[in-house]
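Novice: Quick one: sequence and predicted model below, then my questions.
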Amino acid sequence: MRLPHCTGEMQDAAITPDPEGPTAPALSLVVELDGLTRHFGERTVLRGISLGLDAGQTLAVLGRNGAGKSTLLRILATLLRPHAGSVKLFGEPLPRQGWAVRGRIGLLGHEPLLYRDLSGRENLAYHARLHRVPQGRVDELLEAVGMLQRADDPIRSLSRGMVQRLTVARAVLHRPALLLLDEPRSNLDPAAGDLVEPLIGRSAGVTRVLTSHDPQAALAEADLVLALASGRAAYVGPPAGLDQGTVRSLYA
Amino acid sequence: MRTAAAILRKDLLIERRTLETLPGMALLSVMTFVIFHFGLGQDSLSGQLAAGVLTVTLLFAAMLAVNRLFVAEREQGGFDAFLLAPVDRTAMFTAKATALFLFMVALELIAVPAFALLLAPPGLGRSLPAFLLMLVLADGAFAVIGTFVSAIAVHTRARDLIGPVIGLPLLLPALIATASGIGPLLTLRASGSPEPKWLAVLALYDLFTALLAIGLFDYLLEE
């Protein structure tokens, strides 16, 4: 089956170079889904999703609450197994080769994945050890997200916005080649949003899959759109091909 | 080993800060000895009865730690963070089992003196090295089985029940070997060394269960 995918310049040096040169674009695909299906009990959350996403491109996943956006991100993060169809990241099939792509994925989900009783610095230092990242990167990121002053306060004493900034730092700590962003700007005020933009925004230059409560903002950042309705792909293609009526019907 | 050390360090730091596990374990042990002391109306117990009271008390106290071992991972996303990292998954087992072992050793630093004060026969000092050796081997069994069971239980809603229901039967051989090995050491005419048979049984139990748990642990982390 031919997968719909966006072509684009390879921007991510971490992607394995194509041995056959630029005439073989398939090897630059970072995400390849073919008939991806996932159930929870008897409920089918994702049904037959197929697409391809090139290196350096951004996929916006749209859909109302419960449409399957977060499930898709958790499958791409290797945290959930697909029940049917195939999923490849960096050309490696999941879940069999999940070990080969972990460490190249950064997940920014609903949960911060930070321990409440540890400080931001301690949490990031712990994640740095798991990912074998030099500890100097921790201070670099604390500064980048504007949390150096509160770096030694326990997570439970921080506001949601501050926790979200630390979560961004945690997600990009190991310089992932693929960012999975589940409503990444929730709880962030505009100033904080500007702070994290170089880390998770388009300017970060990495391949991104993002969901957002704000479809217009997501479409503005996207090279490819996956619109989910009841687990099915209602639309897969460039943002320009998605009319406002379809967007409105997704959230109706 | 570096990954296991990072997880262990994080767990010990959280425990030092929250004191959610060790004080409860110590309090349960000391209170149990007090209850036996007054309930049985005896200043000291000896032999198998003394060994049974000590071992069962330590086992129940261990269950408190077992129930809490993976709670932070489950409730605060530690599992997901760990699964996203390119690390050997057995590092989590190694770290958690080591943490549980250290909790048991720390518990015994309080519980054994309390036991000696309230229930042990006089002259325990003579058998102390052998007694401690048996306890260390028993701690190994509690740590391995406790970690394995905790990893199963944490995915269930009834984790406070599942831990003991699965863990206690699995620990029965270790309980028998520990009590049987310690019993002769808690008599007035203790020889000062445990029967080699029970030492061997505990050591083999530790080894066998550790290998089995490490082999199976990977599957317990899956969704």
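Specialist: That came in fine, so what should we check first? Numbering: from 1, shown residues only, chains lettered A, B, ... in the order given.

Novice: With just CA atoms, put the top helix by length along chain A into CSV.
Specialist: Determined from DSSP state H, the single longest helix within chain A is helix A:160-172. The C-alpha trace of helix A:160-172 is given here as CSV (Å, rounded to 0.1, in the frame of the first residue of the first chain):
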residue,chain,number,x,y,z
ARG,A,160,1.2,23.8,36.5
GLY,A,161,2.9,26.1,34.1
MET,A,162,6.2,25.6,35.8
VAL,A,163,5.8,21.9,35.8
GLN,A,164,4.9,22.0,32.1
ARG,A,165,8.1,23.9,31.4
LEU,A,166,10.1,21.3,33.3
THR,A,167,8.2,18.6,31.3
VAL,A,168,9.4,20.2,28.1
ALA,A,169,13.0,20.2,29.4
ARG,A,170,12.6,16.5,30.3
ALA,A,171,11.2,15.6,26.9
VAL,A,172,14.1,17.3,24.9
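
Novice: what does chain A put close to chain B?
Specialist: Contact residues, chain A versus chain B (CB under 8 Å from any CB of the partner chain): A:77-81, A:99, A:102-103, A:105, A:107, A:109, A:111-118, A:122, A:126-127, A:129-132, A:154, A:170. For every residue, glycine as well, the C-beta is placed using N, CA and C.

Novice: Can I have the buried ones of those as a PyMOL selection?
Specialist: Listed next is the PyMOL selection for buried residues among the residues of chain A next to chain B, using 16 or more other CB atoms under 10 Å in any protein chain shown:
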select buried, chain A and resi 77+78+79+80+102+103+105+107+109+112+113+114+115+116+117+118+122+126+127+129+130+131+154+170
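
Novice: Which of the residues of chain A next to chain B fall in helices?
Specialist: Short answer: the residues of chain A next to chain B in helices (DSSP H) are A:99, A:122, A:126, A:127, A:129, A:130, A:170.

Novice: Next, give me the two most distant ones among those residues.
Specialist: By the measure CB to CB, A:99 and A:122 form the most distant pair in those, at 26.9 Å.

Novice: Output the set of residues of chain B in proximity to chain A.
Specialist: Counting by CB under 8 Å from any CB, chain B sits next to chain A at B:2-3, B:6, B:10, B:13-14, B:17-18, B:72, B:76-78, B:80-87, B:222-223.

Novice: What residue in chain B comes nearest to chain A?
Specialist: Chain A sits closest to residue B:86 of chain B, with a gap of 3.3 Å, by CB to the nearest CB.

Novice: Could you measure from that residue over to residue B:114?
Specialist: Distance from residue B:86 to residue B:114, counting by CB to CB, to the nearest Å: 45 Å.

Novice: can you check residue A:56 too?
Specialist: 64 Å.

Novice: who's in contact with the longest helix of chain A?
Specialist: A:106-108, A:112-114, A:120, A:123-124, A:127, A:141-142, A:144-147, A:150, A:155, A:158, A:179, A:181, A:184, A:186-189, A:192, A:195-196, A:199-200, A:204, B:81 (CB atoms under 8 Å, 6 or more residues apart in numbering or on different chains).

Novice: one more time with 6 Å
Specialist: A:106, A:108, A:112, A:120, A:127, A:141, A:145, A:147, A:187-188, A:192, A:196, A:199-200 (CB atoms under 6 Å, 6 or more residues apart in numbering or on different chains).

Novice: any weak-confidence spans in chain B?
Specialist: Within chain B, the stretches with pLDDT under 70 are B:190-192, B:222-223.

Novice: Enumerate every residue touching the residue minimising distance to the centre of it.
Specialist: In chain B, the C-alpha nearest the mean C-alpha coordinate belongs to residue B:142, at 3.6 Å (CA atoms, centre = their mean). Listed by CB under 6 Å, 6+ apart, the contact set of residue B:142 reads B:62, B:104.

Novice: So for the helix or strand containing it, what gets flagged as buried?
Specialist: Here residue B:142 sits within helix B:124-153, counting by DSSP states H and E. Neighbour counts using 16+ other CB under 10 Å place B:124, B:127, B:130-131, B:133-135, B:137-153 of helix B:124-153 among the buried residues.

Novice: To what extent is the nearest residue to residue B:91 once chain neighbours are set aside buried, counted in neighbours?
Specialist: Nearest non-adjacent residue to residue B:91, counting by CB to CB, 6 or more residues apart in numbering or on different chains: residue B:3, 3.8 Å away. Counted with other CB atoms under 10 Å in any protein chain shown, residues neighbouring residue B:3 total 22.

Novice: which residues sit against stretch B:213-223?
Specialist: Counting by CB under 6 Å, 6+ apart, A:80, B:89, B:90, B:93, B:144, B:148, B:151 sit against stretch B:213-223.

Novice: send the alpha carbons of it over as CSV?
Specialist: What follows is stretch B:213-223, C-alpha atoms only, in CSV (Å, rounded to 0.1, in the frame of the first residue of the first chain):
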residue,chain,number,x,y,z
ALA,B,213,12.2,-13.0,38.4
ILE,B,214,14.8,-11.3,36.2
GLY,B,215,13.7,-13.6,33.3
LEU,B,216,10.1,-12.7,33.7
PHE,B,217,10.3,-9.1,34.8
ASP,B,218,10.5,-7.6,31.3
TYR,B,219,7.0,-8.9,30.6
LEU,B,220,5.6,-7.3,33.7
LEU,B,221,6.5,-3.9,32.4
GLU,B,222,4.5,-4.3,29.2
GLU,B,223,1.1,-2.5,29.0
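
Novice: roughly how far out does it sit from the chain middle?
Specialist: Centroid separation for stretch B:213-223 versus its chain: 20 Å, with CA atoms, centre = their mean, to the nearest Å.
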